[in-house]
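**Q** below are the sequence and a predicted model for it; my questions follow.
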Amino acid sequence: MAEPRIPAGFDFTDPDLCARRVPAAELAELRRAAPVWWQAQQRGSAGFDDDGFWVVTRHADIVEISRSSHLYGSWENTAIIRHVRTVTQESLDMQRLILLNIDPPEHTKLRGIISRGFTPRAIANLRDALAERAERIVRAALEEGTGDFVADVACELPLQAIAELIGIPQEDRKQIFEWSNTMVGDEDPEFADSGLAAAAQLLGYAMTMADERRKCPRDDIVTKLVNAQIEGGHLSSDEFGYFVLILSVAGNETTRNAISHGMLAFFDHPEQWDLFVAERPQTTADEIVRWATPVTVFQRTARADTVLGGQEVKAGQRLGLFYRSANFDEDVFDSPEKFDITRSPNPHLGFGGTGAHYCIGANLARLEIDLIFGAIAQAMPDIRKVGDPERLRSGWLNGIKRLPVSYH
């Protein structure tokens, strides 16, 4: 293969770059010329004891890594990739306690307990309540006339779904929103320097909730989780706290960004919005997640020398799994650059590349996306953009902070 045409010094995790745009053309160039490509970084600059990582861009290679937890781990360096040192050792140690960064077999045991809250029956039981909430959210926005779609609409249903699912009082959801924003936005000046404190506050909140349920059980998922058996023991208050922490990010940030990007995609492709308003294809949510790919990249660390995509990878080296690239892989998707809500099949990796760390809340996310866009199409089909979106400054999260719209 010919050397890829990537400018010298280009870094795919540079948050300043990602605040301006997704590096789609450069990722396509790597898929073509060097699907496993070495991203050089100044040694130790990103908080890791190395001088870079492998950029993995093809769908098949990311699926292979995701299904091989024995060979590629999350615990060593966590799943969050960074451009510069933005975490302390204390923060890194905390992140290693989150399900996202725990590898099998411990991951399998904890996931088995937590998944009880995300069974098809549990999600189906939420449908009516969430449908009513979606309609209420949209009616409230419509009464305002204009506003910020992210704050008024996109963030609300995921937050209310989390509250409904695990018993957080609805009046506390704004605080959860602020804490989760701050935790994941530490590369953005708006949220910088407060991530660890926000995580600690959210953990304290969740642990208190767990302790209260042990003393005064209720018929809710919190009570079931904190009293669940794990090889003769219980899910501790700490473990429950870290579950709430990851849920507040995975269930709030990523779904909210999928909804925001989905609305922006409909603005840019009005014929698809007309189709959705008229027909409501069941394939819509998955295409929105593919198109948005809220998590641009997670990382794994090789546990042994191996070969990936014809490239030798050494034990201890990091690999960036660029889901945004995989979801536009020409070998997998017909016309991937086209936003098509009737796309089927749609084997996108927006919920992870299958395997142990596949998103436990994927079905809940699909439901929320279907319900909120259904409510929008019903109540305010003439919604329109009145300003440019403001992107989050992040090297790994494809976020939109604000999207000014007219609801009429």
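**A** Now that the structure is in, tell me what you want to look at.
**Q** can we go C-alpha only for contacts and neighbour counts from here?
**A** Will do.
**Q** can you pull out the strands in this structure?
**A** Counting by DSSP state E, the chain forms strands over residues 36-40, 52-56, 72-73, 146-148, 229-230, 233-234, 297-302, 306-308, 311-313, 318-322, 384-385, 390-391, 400-402, 404-406, given from the N-terminal end onward.
**Q** contacts only, for residue 80.
**A** The contact partners of residue 80, by Cα atoms under 8 Å, 6 or more residues apart in numbering, come to 297, 298, 299, 396.
**Q** who touches the last one in this structure?
**A** Put plainly, it is residue 396. Here residue 396 is in contact with 13, 15, 80, 81, 82, 295, 296, 297, 298 (criterion: Cα under 8 Å, 6+ apart).
**Q** and it, how far is that from residue 170?
**A** In this structure, residue 396 and residue 170 are separated by 29 Å, where distance is defined by Cα to Cα, to the nearest Å.
**Q** try the third one
**A** When distances are taken as Cα to Cα, residue 299 and residue 170 turn out to be 34 Å apart.
**Q** more neighbours, the two?
**A** More neighbours surround residue 299 than the other of residue 299 and residue 170, with 25 against 13 (other Cα atoms under 10 Å).
**Q** what about the stretch 1-150 of the chain, any weak spots by pLDDT?
**A** Along the stretch 1-150 of the chain, segments meeting pLDDT under 70 span 1-2, 44-47, 83-88.
**Q** the stretch 151-300 of the chain now?
**A** 184-186, 188-195, 228-235.
**Q** hmm, back to that, now, which of the contacts of residue 80 sits nearest residue 118?
**A** The shortest distance between residue 118 and any of the contacts of residue 80, using Cα to Cα, involves residue 298 and amounts to 22.8 Å.
**Q** correct me if wrong: the closest one contacts residue 321.
**A** Yes: using Cα atoms under 8 Å, residue 298 and residue 321 qualify as a contacting pair, with a distance of 5.4 Å.
**Q** neighbour count: the two, which is higher?
**A** Remark: of residue 298 and residue 321, residue 321 carries more neighbours, 29 against 19, as counted by other Cα under 10 Å.
**Q** my read: that one touches residue 327, true?
**A** No: taking Cα under 8 Å as the contact criterion, residue 321 and residue 327 are not neighbours in contact, 11.3 Å apart.
**Q** contacts only, for the nearest residue to residue 155 once chain neighbours are set aside.
**A** Ranked by Cα to Cα, 6 or more residues apart in numbering and with sequence neighbours excluded, the top spatial neighbour of residue 155 is residue 256, at 4.9 Å. For residue 256, the contact set (Cα under 8 Å, 6+ apart) comprises 150, 154, 155, 158.
**Q** could you redo the last one with a cut-off of 7 Å?
**A** When contacts are counted by Cα atoms under 7 Å, 6 or more residues apart in numbering, residue 256 is found next to 154, 155, 158.
**Q** so which of the strands of the chain is the most surrounded?
**A** With neighbours taken as mean count of other Cα atoms under 10 Å, these reach their highest mean count in strand 318-322, at a mean of 27.
**Q** packing partners of it?
**A** For strand 318-322, the packing partners by 3 or more Cα pairs under 7 Å, 6 or more residues apart in numbering; DSSP states H and E come out as strand 52-56, strand 297-302.
**Q** let me know the angle separating that strand from strand 297-302.
**A** In this structure, strand 318-322 runs at an angle of 150 degrees to strand 297-302, with axes from the mean of the first three to the mean of the last three Cα atoms, to 10 degrees as the basis.
**Q** strand partners (parallel or antiparallel) of strand 318-322?
**A** Each strand that strand 318-322 pairs with, and the sense of that pairing, follows from DSSP bridges: strand 52-56 (parallel), strand 297-302 (antiparallel).
**Q** got JSON lines for these, with distance to residue 272 too?
**A** Shown next, in JSON lines, are the strands paired with strand 318-322 (distance: least, Cα to Cα, whole Å):
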{"stretch": "strand 52-56", "distance to residue 272": "31"}
{"stretch": "strand 297-302", "distance to residue 272": "27"}
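**Q** out of those, nearest to residue 364?
**A** Ranking these by proximity to residue 364 (Cα to Cα) places strand 297-302 first, at 21.2 Å.
**Q** from residue 348, how far out is residue 60?
**A** Distance of residue 60 to residue 348, computed by Cα to Cα: 11 Å.
**Q** the two: which has the busier surroundings?
**A** Between residue 60 and residue 348, residue 348 has the larger neighbour count (other Cα under 10 Å), namely 24 against 16.
**Q** okay but the more buried one is in contact with residue 290, surely?
**A** Yes: A contact is recorded between residue 348 and residue 290 when judged using Cα atoms under 7 Å, the distance being 5.5 Å.
**Q** need the overlap of contacts for those two.
**A** When contacts are counted by Cα under 7 Å, 6+ apart, the set common to residue 348 and residue 290 consists of residue 327.
**Q** list the contacts for the residue lying closest to residue 400 once chain neighbours are set aside?
**A** Excluding the flanking residues, the one nearest residue 400 by Cα to Cα, 6+ apart is residue 391, at 4.4 Å. Residue 391 sits next to 19, 399, 400, 401 when contact means Cα under 7 Å, 6+ apart.
**Q** and for residue 148?
**A** With Cα under 7 Å, 6+ apart as the criterion, the residues that contact residue 148 are 402, 403, 404, 405.
**Q** which stretches of the stretch 151-300 of the chain form helices?
**A** Counting by DSSP state H, counting those that start in this stretch, residue ranges of the helices within the stretch 151-300 of the chain are 156-166, 173-184, 195-215, 221-226, 237-248, 254-268, 270-279, 284-292.
**Q** so what does the first one touch, helix or strand wise?
**A** Spelled out, that is helix 156-166. Using 3+ Cα pairs under 7 Å, 6+ apart as the contact criterion, the elements in contact with helix 156-166 are helix 173-184, helix 221-226.
**Q** output the ones you listed in JSON lines, with distance to residue 30 and mean neighbour count appended to each entry.
**A** Formatted as JSON lines, the helices and strands packed on helix 156-166 follow (distance: least, Cα to Cα, whole Å; neighbours: other Cα atoms under 10 Å):
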{"stretch": "helix 173-184", "distance to residue 30": "27", "mean neighbour count": "20"}
{"stretch": "helix 221-226", "distance to residue 30": "44", "mean neighbour count": "22"}
